[in-house]
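# dropping a prediction and its sequence here:
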Amino acid sequence: MTHTTDPSPGLTVVYDGECPFCAAYVRMTRLRAAAGPVELVNARDPHPVVDEARAAGLDLDRGMVVKAGGRLYHGDAAMTLLAGLTTPSGLFNRLTAWAFRSPARARVIYPPMVAGRALTLRLLGRRKLSQGAG
């Protein structure tokens, strides 16, 4: 799902910093230089793009958000966008590129990943993003 917002250079990736899978993914992904500057934003911290995503009705518990070219990409669409921008170096990048470059494959793979994230957060005693800090 994409939403148009104000254009800005580079890429902003909004992810759950308390999710071990999300944090590992953004650390391990190598985006091509062509993507321009990349800003990684923990969705648990205040940030204008987090506010934009919520205002657009995007559920950050159901998927990460990427802002690129003034548009917000959510969930499997965000993963497909990132897969197209990652370098082919390393086994992790090759596997994620294969899994998510196809929008159809991403739509099938992404929901079980979201379910796994929810289960992991529950097992670790961490709150969902929608539950806030307190």
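Here it is on my side, so go on.
# may I ask you to confirm that Met113 is in contact with Phe21?
Yes - the criterion here is C-beta atoms under 8 Å, and Met113 meets it with Phe21 at 7.3 Å. Just so you know, the C-beta spots here come from the backbone N, C-alpha and C atoms, and that holds for glycine as well.
# and those two? Which one has more around it.
Met113 (18 against 13; other C-beta atoms under 10 Å).
# so that one sits in a helix?
Yes - secondary structure of Met113 (DSSP: H, G, I helix; E, B strand; the rest coil): part of a helix.
# if I pick it, what's in contact with it?
Phe21 (C-beta atoms under 8 Å, 6 or more residues apart in numbering).
# can you pull the pLDDT of it?
Per-residue pLDDT puts Met113 at 91.
# same deal with the one 3 residues further on?
Reported pLDDT at Gly116 in the predicted model: 91.
# hmm, it is touching Pro20, no?
No - look at Gly116 against Pro20 with C-beta under 8 Å: they stay out of range, at 10.6 Å.
# what's next to stretch 51-66, contact-wise?
Stretch 51-66 has contacts (C-beta under 8 Å, 6+ apart) with 1, 3, 5, 11-16, 22, 43, 49-50, 67, 72-76, 78-79, 81-82, 110, 114, 118, 128-130.
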